[in-house]
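Asker: Generate coordinates for the sequence data below:
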Amino acid sequence: MKSLEQQFTSVLAEIEVDGRPLPETEIVHSCVVNNDFAKFTIVLPLESRLRQILPTQIEENIRNLPSISRVAVEVLEKAPIDDEPEENKASIPESEKSRQARQPQRTAYLQNYDAVLAVASGKGGVGKSTVSLNLALALQQKGFSVSFFDADIYGPSFPIMTGLRGVKPELREENLMPLEVMGLHAMSIGNLIDDEAAMVWRGPMVHQAVEQLLRDTAWPGGDIMIIDMPPGTGDVQLSISQLCELAGAVVVSTPQDMALVDAYKAITMFSKVDIPIVGIVENMSYFACPHCGEKTAIFSQHGAEEACRKYEVPFLGAIPLELAVREGGDLGKPLMNQAPSDSPAAEAFRLIADNVISSLDDLY
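Answerer: So this is what the prediction gives:
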């Protein structure tokens, strides 16, 4: 049986460019393969007529392979910079270099970040987006360069939480420029559509939208990328796991059993796609009365901590119910971007940021 590389070379050879089979040209730079998904990067000048026809031809031919059901073609004007040391390149025969570039391999978007973290939840309503943004800000305040990708296609909340409702990203040449806010570089589909637009999309359209935002945004790179995932274990989660090399996932839950059952589903999903769990955050852990200080465990308490012991994953911290957290999100002034605060919630976010870094160090 032919290897995947041989199968790709065979079907691509059916495409001729100026009388030569495509694999014998320098057009195909690289290929990403993950499960049934293949992504090609090709290099063509801006004025080339092939830009209009070649991506479609590649997609149609590759889809003929039984192991591939989804194909994406990225077209660049120039080949990406190769960071491989010169001494390693010298050892590769000239005849092998073009073949090596086309060999299917697992790579990903967002490679210019040291760590890409998904913040996820098994169900909606647990405060995942609030935790995502405040965690990103807490990490940024500790000196890390942080970017933020709102991948919640169906319910993007980033524009509201940051006060950027109605703000559209700049289109520069062929790229979307990330929005710069509160020290973060960020992108959300919520800044590309009307506030009240309903995203009635099936899985393939969702996958295409997520990939387009990852591919077409001029992400600056840095220390950490935080991806705010939609709730559940559906299409977007699978797409992100296929398109990005995630360093790990942070799972957000509330303390009650119903939420923890769904949190375990999220943990199971990530384990199936070989993404480590950085830890669990218990949100809405308790309510502290602002008048008398008495703590009330409205949604039970310590449930996430007990789940961490059961599933053998790190416990990152507990965030109390606090009025300032809700108000900050509604007003576009998140808690961690306000004046230095010694509130219990602010202290919790700082501790969670420290624990995330510690957990990553343990994993890698």
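
Asker: Tell me how many other residues crowd Gly124.
Answerer: Taking other C-beta atoms under 10 Å as the neighbour definition, Gly124 ends up with a count of 15. To be clear about C-beta, it is placed using only N, CA and C from the backbone, and glycine gets the same treatment.

Asker: what sits against the nearest residue to it once chain neighbours are set aside?
Answerer: In space, not counting the residues next to it along the chain, Gly124 is nearest to Pro231; the distance is 3.9 Å by C-beta to C-beta, 6 or more residues apart in numbering. Each residue near Pro231 by C-beta atoms under 8 Å, 6 or more residues apart in numbering is listed here: Ala120, Ser121, Gly122, Lys123, Gly124, Gly125, Val126, Lys128, Asp152.

Asker: which among those end up buried?
Answerer: The neighbour-count test (16 or more other C-beta atoms under 10 Å) marks Ala120, Ser121, Gly122, Lys123, Val126, Lys128, Asp152 as buried among those.

Asker: which element is the residue nearest to Gly124 on?
Answerer: Secondary structure assignment for Pro231, by DSSP states H and E: no helix or strand.

Asker: quick one: least confident helix or strand in the protein?
Answerer: Counting by mean pLDDT, DSSP states H and E, the chain has its least confident helix or strand at helix 94-102, which shows a mean of 38.

Asker: Moving along the chain from that helix, name the first helix or strand you hit.
Answerer: Next in sequence after helix 94-102, counting helices and strands by DSSP H and E, comes strand 113-120.

Asker: Strand partners (parallel or antiparallel) of that following strand?
Answerer: Looking at strand 113-120 with DSSP bridges, its paired strands and their directions are strand 222-228 (parallel), strand 248-253 (parallel).

Asker: Could you export the ones you listed to a markdown table, including columns for mean pLDDT?
Answerer: Formatted as a markdown table, the strands paired with strand 113-120 follow (pLDDT from 0 to 100):
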| stretch | mean pLDDT |
| --- | --- |
| strand 222-228 | 96 |
| strand 248-253 | 95 |
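
Asker: want to throw the ones you listed into a markdown table with mean neighbour count and distance to Phe270?
Answerer: Formatted as a markdown table, the entries for the strands paired with strand 113-120 read as follows, by neighbours: other C-beta atoms under 10 Å; distance: least, C-beta to C-beta, whole Å:
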| stretch | mean neighbour count | distance to Phe270 |
| --- | --- | --- |
| strand 222-228 | 23 | 12 |
| strand 248-253 | 27 | 5 |
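
Asker: Now tabulate these in CSV and tack on distance to Leu176.
Answerer: Converted to CSV, the strands paired with strand 113-120 look like this (distance: least, C-beta to C-beta, whole Å):
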stretch, distance to Leu176
strand 222-228, 15
strand 248-253, 25
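
Asker: and the one residue sitting closest to the centre of the chain, bridged to which residues?
Answerer: Compute the mean C-alpha point of the chain, and by C-alpha atoms, centre = their mean the closest residue is Ile227, 4.3 Å away. Each beta-bridge partner of Ile227 is listed here: Ala118, Phe149, as defined by DSSP bridges.
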